[in-house]
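Enquirer: The sequence and its predicted three-dimensional model are supplied below.
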Amino acid sequence: MQPNQGATTVLDQKQSAIMTIALHRGPWQDSSPHFHIDRLLLDQLVTSFFSSVHVCHPILNQDKFTQIYEKFLENGPDQSIESTLCMVVFALGSVSLSPAGPWNSQCSPPGTEFMRYALPTLTVRSLWTFCFYLTLAQVLVLASVYFAYIVRPLHSWRLIHSAANLLQLKLSNSGCQTVALNKDEAILRLFWSCFIIECDRLAELELPRSSLQQLTDDANLPRCENLDDAHMTAYLAEISIRRLLNRIHNSLYPRKSNVINALSSTPLDIQGEFPLRELESITSLCEELHSQLDLWHAAIPEQFRPPLSLEELDNDRLSILRIRYYAARHIIYRPFVLYITTHSESQASSATIEKAGICIESCSLYLYYTSKILQAPSQYTWTFALSSLGAVIILTLSWFNAELRSFVTEVDSLQSLAIDNLSRWNVSSISDVIGILEEIRRKTRLRSRV
């Protein structure tokens, strides 16, 4: 045992009494109604969780969870982290079963009745725990996924940040972080799911990040023996495309202290003109990144590879990979659109216009492909909403430019498609995006009449 690990363990033991008092004296003890166990309903929710959510983040051992679940059914809910895990699984099963249709913010989101039992225990234990507990970290990750499903990105980030910090605590107590990470398959899957979720939140929100991303180059890919071949391939492919998206962000849009959303895929703030010298310096880099993107797509086994055509897909995991492809291609070539649209007085070269056209095509296809996924709750709703706004901004800027307008002949239809895709989400975080999109469409229509 490392010296600091022993000290942390002692500290955690001293705090356990405080945590126990907090759990038993919490205000929710008097307010929470009796939990009625309906075995048929809970079985259905667990089945939905493992078929819809677990395949995206395979951090649980299904056999071990079954043991925990059977104990829960026998003894009922309590303040244990195992009971909390069951509640979060029920909540995710409930929200993943929600049918497509309007989402009313006036009503409680699906799964709320389970999360109200889970959150008090989860909050206290994550606050007062100073040693790594695998089950606690798993619950934090899954709770983050739940809040992504109900379009609460800040809550989702807060929970995944806590999970990442807890995992970092375990790794920092080891002699070699890389060895500790790679020797345990459960830890490895937890690491990569933390990575995907945290990066998705930070791509659109300027918030503190954990240090886990520093380990990605040395971390092995998980074996995912708890998934079938199709879902394992999709999970590994999503890890890879998320790493490539980070590489694109860091290469083309490095952090700048005076630029808001420098890493965002939503260009809400364009600081002046995009200089020609900067465009020339990144042209070869953009081509290399595009080549890496195509290599990523080609590396997926053919039977699991998402087509890049307009073919309809019944498999949501393949649909997500295709959407990720066009999201990456959009941000690779976005600088060329920004250069042309901010230098209207000078004529762009044919090569620059061609690359801008790739970006515009990617934005159009992105809006088309996200339509189906945005019809029902998923962990991607917020990410796709913000990226759709970014795509519409690029398409609208291109339509206003004489050199690029030929690439965007149906700008009104594309703007309306983005609005329709999000219109079912009557929640504040999405309503603001819809309001911006509607204002963009209104001004574009006014401009078209002039």
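Expert: Everything's here; your move. Just so you know, these numbers come straight off a predicted model, no measurement behind them.

Enquirer: Nearest spatial neighbour of Ile340, chain-adjacent residues omitted?
Expert: Spatial nearest neighbour of Ile340, excluding adjacent residues (Cβ to Cβ, 6 or more residues apart in numbering): Ala348 at 4.8 Å. C-beta here means a position set from N, CA and C on the backbone, and glycine is covered the same way.

Enquirer: just checking, that neighbour is part of a strand?
Expert: No: counting by DSSP: H, G, I helix; E, B strand; the rest coil, Ala348 is not part of a strand but coil.

Enquirer: Test my guess that it contacts Tyr339.
Expert: Yes: the pair Ala348 and Tyr339 qualifies as a contact (Cβ atoms under 8 Å) at a distance of 7.2 Å.

Enquirer: got any residues that touch both of those two?
Expert: Residues touching both Ala348 and Tyr339 by Cβ atoms under 8 Å, 6 or more residues apart in numbering: Ala356.

Enquirer: Does anything pack onto the lengthiest helix in the chain? Which helices or strands?
Expert: Looking across the chain with DSSP state H, the single longest helix is helix 316-341. The contact analysis (3 or more Cβ pairs under 8 Å, 6 or more residues apart in numbering; DSSP states H and E) places helix 316-341 against helix 229-252, helix 276-299, helix 350-373, helix 381-400.

Enquirer: which one of those is the most hemmed in?
Expert: Of all those, helix 381-400 has the most neighbours on average by mean count of other Cβ atoms under 10 Å, namely a mean of 24.

Enquirer: after that helix comes which helix or strand?
Expert: Remark: after helix 381-400, the chain's next helix or strand is helix 411-422, criterion DSSP states H and E.

Enquirer: Identify each buried residue in that next one, please.
Expert: Counting neighbours by 16 or more other Cβ atoms under 10 Å, one finds that the buried residues in helix 411-422 are Val411, Leu414, Gln415, Ser416, Leu417, Ala418, Ile419, Asn421, Leu422.

Enquirer: Show me what that helix packs onto, helices and strands only.
Expert: By 3+ Cβ pairs under 8 Å, 6+ apart, helix 411-422 packs against helix 350-373, helix 381-400, helix 428-449.

Enquirer: Just send the ones you listed back as JSON lines, with distance to Asp78 and mean pLDDT too.
Expert: JSON lines is the format used below for the helices and strands packed on helix 411-422 (distance: least, Cβ to Cβ, whole Å; pLDDT from 0 to 100):
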{"stretch": "helix 350-373", "distance to Asp78": "37", "mean pLDDT": "96"}
{"stretch": "helix 381-400", "distance to Asp78": "33", "mean pLDDT": "96"}
{"stretch": "helix 428-449", "distance to Asp78": "34", "mean pLDDT": "93"}
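
Enquirer: how far does the longest helix of the chain sit from the chain's center?
Expert: 16 Å (Cα atoms, centre = their mean, to the nearest Å).

Enquirer: what's the closest of the helices and strands packed on helix 411-422 to Tyr133?
Expert: helix 381-400 (28.3 Å; Cβ to Cβ).

Enquirer: Test my guess that Phe407 contacts Ala356.
Expert: Yes: when contacts are counted by Cβ under 8 Å, Phe407 is listed as touching Ala356 (7.5 Å).

Enquirer: intersection of neighbour lists for those two?
Expert: Common neighbours of Phe407 and Ala356 (Cβ under 8 Å, 6+ apart) are Ser398.

Enquirer: didn't Ile282 look like it was pressed against Ile248?
Expert: No: contact criterion Cβ under 8 Å: Ile282 and Ile248 do not qualify, at 10.8 Å.

Enquirer: Low-confidence stretches in the stretch 51-200 of the chain?
Expert: For the stretch 51-200 of the chain, applying pLDDT under 70 flags the ranges 100-106, 174-176.

Enquirer: now the helices: where do they sit in it?
Expert: In the stretch 51-200 of the chain, the helices defined using DSSP state H, counting those that start in this stretch lie at 62-75, 81-96, 112-128, 134-149, 153-172, 177-182, 185-202.

Enquirer: OK, contacts around the residue nearest to the spatial centre of the chain?
Expert: Central residue of the chain (Cα atoms, centre = their mean): Asp200, 3.7 Å from the mean position. Taking Cβ under 8 Å, 6+ apart as the criterion, Asp200 is in contact with Ala148, Arg242, Tyr380, Thr383.

Enquirer: Could you pull up the residues touching the first one?
Expert: What that stands for is Ala148. Contact analysis of Ala148 by Cβ under 8 Å, 6+ apart lists Ser156, Ile197, Asp200, Gln379, Tyr380, Thr381, Trp382.

Enquirer: Same list (the residues you listed) but as a markdown table, adding distance to Glu312.
Expert: Listed next are the contacts of Ala148 as a markdown table, based on distance: Cβ to Cβ, whole Å:
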| residue | distance to Glu312 |
| --- | --- |
| Ser156 | 29 |
| Ile197 | 28 |
| Asp200 | 25 |
| Gln379 | 22 |
| Tyr380 | 18 |
| Thr381 | 20 |
| Trp382 | 24 |
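
Enquirer: biggest separation within those, which pair?
Expert: The most widely separated members of these are Ile197 and Thr381, with 13.5 Å between them, by Cβ to Cβ.

Enquirer: Distance of the residue nearest to Glu438 when sequence neighbours are not counted relative to Leu244?
Expert: Closest residue in space to Glu438, ignoring its immediate chain neighbours: Ile419 at 6.2 Å, by Cβ to Cβ, 6+ apart. Between Ile419 and Leu244 the distance is 30 Å, computed by Cβ to Cβ, to the nearest Å.

Enquirer: go on, Leu279?
Expert: From Leu279 across to Leu244, the span is 21 Å (Cβ to Cβ).

Enquirer: Give me the domain ranges for this structure.
Expert: 3-227, 230-449 (automatic domain parsing).

Enquirer: nearest residue to Arg152 other than its sequence neighbours?
Expert: Distances taken as Cβ to Cβ, 6+ apart put Ser429 closest to Arg152, at 7.4 Å, once the chain neighbours are dropped.

Enquirer: give the contact list for that neighbour.
Expert: Counted by Cβ under 8 Å, 6+ apart, Ser429 has contacts Val151, Arg152, Pro153, Trp382, Ala385.

Enquirer: Distance check, it against Val411.
Expert: Taken as Cβ to Cβ, the span from Ser429 to Val411 is 25 Å.

Enquirer: OK, contacts around Cys328?
Expert: Slight slip there: residue 328 is Ala, not Cys. Counted by Cβ under 8 Å, 6+ apart, Ala328 has contacts Ile241, Leu244, Leu245, Ile248, Leu289, Leu293.

Enquirer: I'd assumed Arg247 was in contact with the fifth one.
Expert: Yes: under the contact definition of Cβ under 8 Å, Leu289 touches Arg247, with a separation of 7.1 Å.

Enquirer: low-scoring stretches of the stretch 251-400 of the chain, by residue?
Expert: For the stretch 251-400 of the chain, the ranges with pLDDT under 70 are 255-274, 345.

Enquirer: repeat that for 50
Expert: For the stretch 251-400 of the chain, applying pLDDT under 50 flags the ranges 257-264, 267-269, 271-272.
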